[in-house]
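Visitor: Just a sequence and a predicted model for now, questions to come.
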Amino acid sequence: MAVSKQLKLQHLLWRAGFGPEARSWRQWELLDDYAWWPRLRSDSAAPPRFFDVADGAVRGLLMGIGELGKIEQTKKEMSTDQKKEVRKKSRENLQSLNLVWLEEMVRTKAQLREKMALFWHGHFASRNINILYQQELLHLLRTHALGNFGDLLRAVSKSAAILAFLNNQQNKKEHPNENFARELMELFTLGRGNYTETDVKEAARAFTGWGFKLDGTFVFRRFFHDTGSKTVLDKKGNFDGDDILNILLGQRQTAHFITRKLYRFLVNEETVPEERIRQLGDRFFDSGYDIMALLDSIFGSTWFFNEENIGCKIKSPVELWVGIRRALPLTLDDPEGQIVLQKALSQVLLYPPNVAGWPGGRSWIDSTSLMLRLRLPHIIAAQGALGLNPKSDDDQMMGQMRAGRLQNRLAAEADWQPLLDIFSSQSERDIIPSIARFLWQTPQANPPLAVLKRHTDPGSKIQLIRTAALQLMATPEYQLC
């Protein structure tokens, strides 16, 4: 069957962003379909603002401007109490950074940039409680999200967050540490099976001496660097880390690997045509790794809007929650409750499960998480408790457990006016099907009207719209995009 214009628009807004925003929906509806993608591009053209949430005490201790007035404090010079204070404040600051970024996803016009930043956040996964390192890494991901992959790879590879997480600070010529080189090849560029163990060992030698100062500044320690000849991917020379990055970027396989992963994130997780990946990957490589050019090829294609690619993706917890907040504008009484929600749904921003990031797909859904997903709209409406008891992983809870501030509520005030503006002109008979078409990403949105009518309030149009929207969000269909 033919895919409607409305469904195509919603499909693009979900894949290139976090779904339609009720407040701006009418503006999008008035645009011709050829204007959708250019608008998304232009809305994300401006550089992102830097999210600086680091506590003054943390910044002072880590950047050497503490009360003692030292120019450069090393970890050895910091007292036990100072180290504890830095760790405690960093956890609290990470919570703030998590919530600031989440709020940006909800409210910004730069939907494409933040959606791509989320992709790169999972690709270049890092778990580090140092707030200075994490907010710098996040800024790099957001700054280069739509730019050049080579520039992004180089910047991330020299970030303190990644170098610390992958132990390259301990990579010295006498005792090479292979963690960074291995993950660089397996997860960041070539993909498993496209390099040898010898390639990893030789590349690790090239990255010896790459490290960072306490404030996160990259530093190359020449006396730790192995200056001997190395052979990596059949190329031989006295390579350093920058040379290895150039060698990896010179492999067409790197472009294919990134393209395949991005295709699964933006288009279809299950159906990935290899010929299409090869063509897209070749264009990506030939463009010099221009990310926006690759996105042009995807979102400017006709196949992107094929029925098989619509409503086939399970929303990640972040996509689900941000999408709800865009469709149903909320003012949260306890924003910290969103940390608990992320933990319960297994996607905590700034705290990926491991260096491979979140696996996505069907892993998002199990019996427990599905029940919470389906209850979520009604919990919001009732301003009720989540009824969750997260494990006491204090790093993941970002200090809330230890500080005794575990917010287990999603008390919020919903602004229903944008939805009323969209649907109040509809006849009562058409309201439920119309809201279903707006909220469900299924080519054939056929809501069970008899069931829904039993659980909606037809007392007035306002009540009907409110209750119908909540019921439709609390369905398996709403979990897909």
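Guide: Here it is on my side, so go on. Numbers count the residues shown, from 1 in each chain.
Visitor: Doesn't E477 lie inside a helix?
Guide: Yes. The assignment for E477 (DSSP: H, G, I helix; E, B strand; the rest coil) places it in a helix.
Visitor: low-scoring stretches of the stretch 1-150 of the chain, by residue?
Guide: The model of the stretch 1-150 of the chain has pLDDT under 70 over residues 1, 61-77.
Visitor: From F124, how far out is K261?
Guide: 12 Å (C-beta to C-beta, to the nearest Å). Just so you know, the C-beta spots here come from the backbone N, C-alpha and C atoms, and that holds for glycine as well.
Visitor: My error: substitute R192 in the last question.
Guide: 17 Å.
Visitor: repeat for S159
Guide: Distance from S159 to F124, by C-beta to C-beta: 8 Å.
Visitor: so what sits against both of the two?
Guide: By C-beta atoms under 8 Å, 6 or more residues apart in numbering, S159 and F124 have these common neighbours: L137.
Visitor: can you list the weak-confidence ranges in the stretch 351-481 of the chain?
Guide: 383-407, 444-445.
Visitor: Mind doing that once more with 90?
Guide: 378-413, 442-455, 457-458 (pLDDT under 90).
Visitor: how about the strands in it?
Guide: Under the criterion DSSP state E, counting those that start in this stretch, the stretch 351-481 of the chain contains strands at 412-414.
Visitor: what's the answer for the chain, then?
Guide: 210-212, 218-220, 230-232, 235-237, 330-332, 412-414 (DSSP state E).
Visitor: Identify the residues contacting the fourth one?
Guide: The set of residues external to strand 235-237 that reach it, using C-beta under 8 Å, 6+ apart, is S229, K230, D243, I247.
Visitor: And that strand, what's buried?
Guide: When neighbours are counted by 16 or more other C-beta atoms under 10 Å, no buried residue of strand 235-237 is found.
Visitor: Could you measure from L249 over to P377?
Guide: Counting by C-beta to C-beta, the gap from L249 to P377 is 45 Å.
Visitor: Please say which of the two ends up with more neighbours.
Guide: P377 (20 against 17; other C-beta atoms under 10 Å).
Visitor: Could you pull up the residues touching the more buried one?
Guide: Neighbouring residues of P377 by C-beta under 8 Å, 6+ apart: I324, L328, A469, L470, Q471, M473, A474.
Visitor: What distance do you get for the third one to Y478?
Guide: Remark: distance between A469 and Y478 (C-beta to C-beta) = 10 Å.
Visitor: ok, now G241?
Guide: 46 Å.
Visitor: ditto for Q10
Guide: Counting by C-beta to C-beta, the gap from Q10 to Y478 is 12 Å.
Visitor: related to what we said a few turns ago, please tabulate the strands of the chain in CSV and include distance to E174 as additional columns.
Guide: Shown next, in CSV, are the strands of the chain (distance: least, C-beta to C-beta, whole Å):
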stretch, distance to E174
strand 210-212, 15
strand 218-220, 17
strand 230-232, 16
strand 235-237, 22
strand 330-332, 52
strand 412-414, 56
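Visitor: close enough to count as contact, R373 and A344?
Guide: No. If you go by C-beta atoms under 8 Å, R373 and A344 don't touch, sitting 9.8 Å apart.
Visitor: Name the nearest residue to the spatially most central residue of the chain, ignoring sequence neighbours.
Guide: Most central in the chain under C-alpha atoms, centre = their mean is L118, positioned 2.0 Å from the mean C-alpha point. Distance criterion C-beta to C-beta, 6 or more residues apart in numbering; nearest residue to L118, sequence neighbours excluded, is V318 at 6.6 Å.
Visitor: any idea which helix is longest in the chain?
Guide: helix 80-107 (DSSP state H).
Visitor: For that helix, name the packing helices and strands.
Guide: Under the contact criterion of 3 or more C-beta pairs under 8 Å, 6 or more residues apart in numbering; DSSP states H and E, helix 80-107 touches helix 56-62, helix 111-123, helix 131-143, helix 317-327, helix 337-345, helix 400-403.
Visitor: and the angle for that helix with helix 337-345?
Guide: 90 degrees (axes from the mean of the first three to the mean of the last three C-alpha atoms, to 10 degrees).
Visitor: so how far is helix 80-107 off the chain centroid?
Guide: 17 Å (C-alpha atoms, centre = their mean, to the nearest Å).
Visitor: Stretch 193-208 too?
Guide: 29 Å.
Visitor: cool, and stretch 301-308?
Guide: For stretch 301-308, the distance to the chain centre is 24 Å (C-alpha atoms, centre = their mean).
Visitor: can you list contacts of that stretch?
Guide: In contact with stretch 301-308 (C-beta under 8 Å, 6+ apart) are residues 1, 3, 8, 11-12, 15, 267-268, 271, 276, 298, 309, 443.
Visitor: the domain parsing of this protein - what is it?
Guide: Per automatic domain parsing, the structural domains of the chain span 5-43+251-309, 417-479.
Visitor: Quick one: end-to-end length of the longest one, please.
Guide: Separation of the first and last residues of domain 5-43+251-309 by C-alpha to C-alpha, to the nearest Å is 15 Å.
Visitor: what do you get for the shortest one?
Guide: Distance between the boundary residues of domain 417-479 (C-alpha to C-alpha) amounts to 24 Å.
Visitor: Figure out how far it is from the centre of its chain.
Guide: Per C-alpha atoms, centre = their mean, the centroid offset for domain 417-479 relative to its chain is 29 Å.
Visitor: repeat for stretch 144-162
Guide: With C-alpha atoms, centre = their mean, you get 15 Å for stretch 144-162.
Visitor: then it to CSV, C-alphas only?
Guide: Taking Å, rounded to 0.1, in the frame of the first residue of the first chain, the C-alpha atoms of stretch 144-162 are listed here in CSV:
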residue,chain,number,x,y,z
HIS,A,144,31.5,16.7,15.0
ALA,A,145,28.2,14.8,14.9
LEU,A,146,27.4,16.0,11.4
GLY,A,147,30.9,16.9,10.2
ASN,A,148,33.8,14.7,9.2
PHE,A,149,34.2,11.2,10.6
GLY,A,150,38.0,11.5,10.4
ASP,A,151,38.0,14.7,12.4
LEU,A,152,35.7,13.0,15.0
LEU,A,153,37.8,9.9,15.2
ARG,A,154,41.0,11.9,15.8
ALA,A,155,39.4,14.2,18.4
VAL,A,156,37.8,11.3,20.3
SER,A,157,41.0,9.2,20.2
LYS,A,158,42.9,12.0,22.0
SER,A,159,40.2,12.6,24.6
ALA,A,160,40.9,11.9,28.2
ALA,A,161,37.6,10.0,28.6
ILE,A,162,38.4,7.4,25.9
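Visitor: Make sure the residue nearest to the centre of the chain is actually in contact with V322.
Guide: No. L118 is beyond contact range of V322, at 9.3 Å (criterion: C-beta under 8 Å).
Visitor: list the residues that contact both of these two?
Guide: With C-beta under 8 Å, 6+ apart, L118 and V322 have common neighbours M105.
Visitor: wait, isn't V318 in contact with Q347?
Guide: Yes. The criterion here is C-beta under 8 Å, and V318 meets it with Q347 at 5.5 Å.
Visitor: between these two, what contacts are shared?
Guide: Common contacts of V318 and Q347 (C-beta under 8 Å, 6+ apart): none found.
Visitor: And for Y351, the neighbour number?
Guide: By other C-beta under 10 Å, 22 other residues sit near Y351.
Visitor: Distance check, it against Q135.
Guide: The gap separating Y351 from Q135 is 14 Å, by C-beta to C-beta.
Visitor: re the thing from before, what's the closest of the helices and strands packed on helix 80-107 to L420?
Guide: helix 317-327 (12.9 Å; C-beta to C-beta).
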